[in-house]
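Peer 1: quick one, fold the following:
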Amino acid sequence: MSFEGLIGQEHAVGLLENALAGGTLAHAMIFAGPRGVGKRMAAVRVARALLCREGPRAACGRCGACHRVDAGTHGDLYVVEPESSRSGVSISQVRALAAALAQSPMEGERKAAIIDPADSMTTQAQNCLLKTLEEPPADTTLMLLAENTDLLLPTVRSRCRRVNFIPLDEETVRDFLIRRGEDSESAAVLARAARGSLERAGEMAEAAAAGERAKLIEALAGDEGPDSEALRDMICGGRKGSLRQRRESALFSLEILHSFTVDCIRFSAGAAPGASVDVTRRLEAFAGRHGFERIARLEKDLADAIIMIDMFADVRLVGEKVAAATERLRPLDKS
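Peer 2: Predicted coordinates for the structure are as follows:
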């Protein structure tokens, strides 16, 4: 099987398996859906089937070609990601990809290319890609991975077959976390906060274990009121690494804060606290101190900040906006 281990994407897998088996796989496809639901895994599995010595109907998983695809070292697999100094895929990278795809395969009879995230491409880069999409080499399959397809040009979207990947249901994510060793209560809380993403759920579990989640919640809901500067620094500072890694780190922090405010809203509306025991006291105190309307406004500000990061806004600007939003809560703390 080519798609073993891909959880909860039966429809997408069915489309890809049927296309591979019937020889109708499109030369260019957009894998559309949230982060961490299996788009990248599916793209690699398609590439493995195409480049396998026994493919393209299905990959054997045993030959050297399959192992090199999994390791990212196959000569006919091209993976384009943002360079370390950039937040998006540049026109020079797309030009280099187009030149490589115009050549004959190095190892076998086909080539496969993955652009991830394709929605990070500049307008110039997308226009450069159009020539390849309009006149695709017969031996090439191109896969564009995107969370927000609205950021892709209509001319790009119209030349690709779309394959949708859906957010996973909470039960699937919870079971995944339990298999990782989380207790059932923590797994349920994290599954709800993960918004259908196994990757996000795993990151949140690691953050909880490392104390990062507690630090974020303490900065927002501590007894002395929100520490806006600390929140800004945690959102903007992030992990060391490329712009993309810092963007993902900011997104991760924002999702933890947003999940906390959603739990506060639920509590303010009369629902039982859905948070784990370690944050329930903070949740109840924060909800009681600020009330439904103020917390609902903060929830919207955090949701907007997440959208801004998804739209590749400057992380520093987003951090400043969140700091200003939390600063508005401080007068109520002093009353």
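
Peer 1: can we go C-alpha only for contacts and neighbour counts from here?
Peer 2: OK.

Peer 1: contact partners for the residue lying closest to P167 once chain neighbours are set aside?
Peer 2: Of all residues not flanking P167 in the chain, G196 sits nearest, at 4.2 Å (C-alpha to C-alpha, 6 or more residues apart in numbering). G196 makes contact with 37, 166-170, 173, according to C-alpha atoms under 8 Å, 6 or more residues apart in numbering.

Peer 1: now do the strands in the stretch 1-150 of the chain.
Peer 2: Using DSSP state E, counting those that start in this stretch, the strands of the stretch 1-150 of the chain run over residues 28-32, 77-80, 111-115, 140-146.

Peer 1: so which of these is nearest D183?
Peer 2: Nearest to D183, of all these, is strand 28-32, at 31.8 Å by C-alpha to C-alpha.

Peer 1: pLDDT weak spots in the protein?
Peer 2: Along the chain, the parts satisfying pLDDT under 70 run over 1, 85, 210, 238-242, 270-279, 330-335.

Peer 1: report the central residue of it.
Peer 2: Taking C-alpha atoms, centre = their mean as the criterion, R35 is the residue nearest the geometric centre of the chain, at 2.2 Å.

Peer 1: report the separation between that residue and L25.
Peer 2: Distance of R35 to L25, given as C-alpha to C-alpha, to the nearest Å: 23 Å.

Peer 1: try H258
Peer 2: Counting by C-alpha to C-alpha, the gap from H258 to L25 is 39 Å.

Peer 1: reformat the strands of the stretch 1-150 of the chain as CSV; add mean neighbour count.
Peer 2: Output for the strands of the stretch 1-150 of the chain, formatted as CSV (neighbours: other C-alpha atoms under 10 Å):
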stretch, mean neighbour count
strand 28-32, 23
strand 77-80, 20
strand 111-115, 24
strand 140-146, 25
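
Peer 1: I'd like those strands as JSON lines, with distance to E284 appended.
Peer 2: As requested, these are exported to JSON lines (distance: least, C-alpha to C-alpha, whole Å):
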{"stretch": "strand 28-32", "distance to E284": "38"}
{"stretch": "strand 77-80", "distance to E284": "46"}
{"stretch": "strand 111-115", "distance to E284": "44"}
{"stretch": "strand 140-146", "distance to E284": "38"}
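
Peer 1: and the residue nearest to P167, helix, strand or coil?
Peer 2: Following DSSP: H, G, I helix; E, B strand; the rest coil, the label given to G196 is coil.

Peer 1: distance check, it against E170.
Peer 2: Counting by C-alpha to C-alpha, the separation of G196 from E170 is 6 Å.

Peer 1: of all the strands of the stretch 1-150 of the chain, which lies closest to Q245?
Peer 2: Nearest of these to Q245, taken as C-alpha to C-alpha: strand 77-80 at 15.4 Å.

Peer 1: can I get the CA coordinates of that closest one in CSV?
Peer 2: Output in CSV follows, covering the C-alpha atoms of strand 77-80 (Å, rounded to 0.1, in the frame of the first residue of the first chain):
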residue,chain,number,x,y,z
LEU,A,77,12.3,14.0,-6.4
TYR,A,78,12.4,17.8,-6.0
VAL,A,79,11.2,19.4,-2.8
VAL,A,80,11.0,23.2,-2.8
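
Peer 1: no further questions, thank you.
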